[in-house]
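K.L.:
how would this look folded up:
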Amino acid sequence: VFIALILAIGTYQRNKIWQNDLTLWKDCVKKSPNKARTHASVGYAYFMRGMMDEAIEETKKALTIDPDNPKTHNNLGCIYQEINRVDESIVEFKKAIHLYPYYAAARSNLASSYIRKGMIDEAIEETKKALTIDPDNPKTHNNLGYAYAEKGMEDEAIAEFLAATELSPLYANTYYNLGKSYNKKGMLDDAIAAYQKAVNLDPAHGKAYEGLGSTYLKKGLQKHAIIQFKKTLDINPDNSNLHYILGNLYNKEGMIKEAIAQFKNALRMDPDNLGYRYTLATIYYNERMLNEAETLYKEVLKYNPENATLHYKLGNIYKTGGYLDRAEAEFKKALTYKPEFGNALNELGIVYTKMKKYEMAISILKKKIELYPNIVDAYYNIACIYAIQNRGDRAVIWLKKAVLKGFKDWEILSKDRDLQNIRESSYYKKLMSKHYE
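P.N.:
Modelled structure (predicted):
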């Protein structure tokens, strides 16, 4: 009977030898159709080629002939496990163990299925039994470490991963798991060293590169993180979340063109993700690419029509473009859904000012002052409105209030055209001369 499969956490690495052996074993089946061993071997060969339906069929034929073979039950469990028929895999592993209680490989595989089911305590118990039988199996130590890590028992996990590396220093996945546990404990340099060993052993280990990137990010080394995330995407280019993360890093580095490209990649892979859409829209908005921003914000609004921030940003886009009626409508919607939205009150006041609806502008800005009496912009904007109307006394009163509240932008005071009508007032002259003394 062919050897038992011992599946560690992760995808079983298929051996190319079985590509050719399938023909050999199928020929054996023709010659000896009633031998369980030949059907089991054909099933394994199918398994190694990824032909799971055929693998199940042949392995079941073997069990029909020899139903009490623990290794064949173990192999059928491994096939089920590979295609995520986890409950059925558990049944088969238990049958194997019932037939041969000292079957360490079957117990280790059963633990792997328990982990997939979230049955961590059962997995730990079964893995410990496997290690009692076969204490020097590095994959079983790795699996026990994984189970401990799932329970947040990082010290115990690290001990098992280190034991696995002592027994066999060639398993990249063990170093990857070790890196994750070090990372969770904040042992960032140790995590980097473990992840680096993983990628040295397996240069195609995308998750290890991602782990390196995440750890560098925790250390504040954004450029190093970018390099590692790019390596991850070279291996797994369809990871939309990683494109999104990379886009945010590029944005923080001021690499806007690269950030936009990554956000577009993320959206192409996950077009229904509103978070990706909103973030890209905000990049466009900040870069004054207002047409692109408008399109994306509107798409997000279809799914979240009561989002005050989205209406506020659309209002600003329309205000910048001179579409004051549209801007007014969007700011009003923002305030409908969030009446205390100070920025929306302020911008609506500015829009009313541009529309020469001065009394409405003043009314709106006074509402903001009621809500936020210590924010100076509303006082200053009311002063500007009165100055535009050539109501100098009222303008000076509100300018005094703004200064008393802490308005200190002297450059704006000296250049703002809205204050033109009060520049000759004694208060304004005294204010400016005092500043420039």
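
K.L.:
For the protein, give me the ranges with low pLDDT.
P.N.:
The chain contains residues with pLDDT under 70 at 1-20, 22-30, 435-437.

K.L.:
How far away from the center of its chain is the helix or strand encompassing Y175?
P.N.:
Y175 is part of helix 172-184 when elements are defined by DSSP states H and E. Offset of helix 172-184 from its chain centre (C-alpha atoms, centre = their mean, to the nearest Å): 19 Å.

K.L.:
Then stretch 228-248?
P.N.:
10 Å.

K.L.:
Tell me how many other residues crowd the residue lying closest to E210 once chain neighbours are set aside.
P.N.:
With C-beta to C-beta, 6 or more residues apart in numbering as the criterion, E210 has its nearest non-adjacent residue at 4.5 Å, and that residue is T232. No exception for glycine: its C-beta is placed from N, CA and C like everyone else's. A count of neighbours around T232, defined by other C-beta atoms under 10 Å, yields 23.

K.L.:
And M153, by the same measure?
P.N.:
Other residues close to M153 by other C-beta under 10 Å number 17.

K.L.:
P305 now?
P.N.:
Burial measure for P305: 11 neighbouring residues, criterion other C-beta under 10 Å.

K.L.:
How much space separates it from R268?
P.N.:
25 Å (C-beta to C-beta, to the nearest Å).

K.L.:
can you pull the buried residues of stretch 367-382?
P.N.:
K367, K368, I369, V376, D377, A378, Y379, Y380, N381, I382 (16 or more other C-beta atoms under 10 Å).

K.L.:
And stretch 394-405, by the same measure?
P.N.:
Buried, per 16+ other C-beta under 10 Å, within stretch 394-405: R394, A395, V396, W398, L399, K401, A402, V403, K405.

K.L.:
contacting residues for A395?
P.N.:
With contact set as C-beta atoms under 8 Å, 6 or more residues apart in numbering, A395 has these partners: A383, C384, Y386, A387, L419, N421, I422.

K.L.:
Tell me the gap between stretch 283-303 and the middle of its chain.
P.N.:
On C-alpha atoms, centre = their mean, the centre of stretch 283-303 falls 22 Å from the chain's centre.

K.L.:
hmm, who's touching it?
P.N.:
Outside of stretch 283-303, the residues within contact range by C-beta under 8 Å, 6+ apart are 251, 256, 259-260, 263, 274, 277-278, 280-282, 307, 310-311, 313-314, 316-317, 320-321.

K.L.:
can you check stretch 231-250 too?
P.N.:
Contacts of stretch 231-250 (C-beta under 8 Å, 6+ apart): 204-207, 209-210, 213, 217, 222, 225-226, 229-230, 256, 258-263, 265-266, 269-270, 273, 275-276, 279-280.

K.L.:
Any of the contacts of stretch 283-303 buried? List them.
P.N.:
Applying 16+ other C-beta under 10 Å to the contacts of stretch 283-303 flags 251, 259-260, 263, 277-278, 280-282, 307, 310-311, 313-314, 316-317 as buried.

K.L.:
ok, the residues you listed vs Y427, which is closest?
P.N.:
Of all the buried ones among the contacts of stretch 283-303, N316 has the smallest distance to Y427: 32.6 Å, by C-beta to C-beta.

K.L.:
The closest one is in what secondary structure piece?
P.N.:
Here N316 is assigned to helix 308-321, by DSSP H and E.

K.L.:
likewise I260?
P.N.:
I260 belongs to helix 256-269, assigned by DSSP H and E.

K.L.:
Helix or strand: which one has the residue nearest in space to the middle of the chain?
P.N.:
Central residue of the chain (C-alpha atoms, centre = their mean): N241, 4.8 Å from the mean position. According to DSSP H and E, N241 maps onto helix 240-252.

K.L.:
Tell me the helix or strand right after the helix or strand containing D189.
P.N.:
Using DSSP H and E, D189 falls within helix 188-201. Sequence order places helix 206-218 as the next helix or strand after helix 188-201, per DSSP H and E.

K.L.:
in that next one, what counts as buried?
P.N.:
Within helix 206-218, the residues that count as buried by 16+ other C-beta under 10 Å are G206, K207, A208, Y209, E210, G211, L212, G213, S214, T215, Y216, L217.

K.L.:
how close does the fifth one sit to L296?
P.N.:
Summarising the geometry, the distance separating E210 from L296, computed by C-beta to C-beta, is 27 Å.

K.L.:
Same question for the second one.
P.N.:
Distance check for K207 against L296: by C-beta to C-beta, it reads 31 Å.

K.L.:
repeat for the last one
P.N.:
Using C-beta to C-beta, L217 is found at 26 Å from L296.

K.L.:
distance of D234 from L201?
P.N.:
Taken as C-beta to C-beta, the span from D234 to L201 is 18 Å.

K.L.:
Looking at those two, which is more packed in?
P.N.:
More crowded of D234 and L201, by other C-beta under 10 Å: L201, with 17 against 11.

K.L.:
got the contact list for the more buried one?
P.N.:
L170, Y171, A172, Y175.

K.L.:
thinking again about what came up before, who are the packing partners of the helix holding Y175?
P.N.:
Counting contacts by 3 or more C-beta pairs under 8 Å, 6 or more residues apart in numbering; DSSP states H and E, helix 172-184 is packed against helix 138-150, helix 154-167, helix 188-201, helix 206-218.

K.L.:
Let me see the residues that make contact with it.
P.N.:
Under the contact criterion C-beta under 8 Å, 6+ apart, helix 172-184 has outside partners 8-10, 138, 142, 145-146, 149, 154, 157-158, 161-162, 164-165, 168, 188, 190-195, 197-199, 201-202, 205, 207-208, 211-212, 214-215, 218.

K.L.:
Now the buried members of those residues.
P.N.:
Using 16+ other C-beta under 10 Å, the buried members of the contacts of helix 172-184 are 8-10, 138, 142, 145-146, 149, 154, 157-158, 161-162, 164-165, 188, 190-192, 194-195, 197-199, 201-202, 205, 207-208, 211-212, 214-215.

K.L.:
thinking again about what came up before, would you mind naming the helix or strand containing the residue nearest to E210?
P.N.:
Element membership of T232 [criterion: DSSP H and E] is helix 222-235.

K.L.:
That helix to helix 240-252, inter-axis angle?
P.N.:
For helix 222-235 against helix 240-252, the angle between stretch directions is 150 degrees (axes from the mean of the first three to the mean of the last three C-alpha atoms, to 10 degrees).

K.L.:
Measure how helix 222-235 sits relative to helix 188-201, angle-wise.
P.N.:
30 degrees.

K.L.:
list the buried ones in helix 222-235?
P.N.:
So for helix 222-235, counting by 16+ other C-beta under 10 Å, buried means Q222, H224, A225, I226, Q228, F229, K231, T232, L233.
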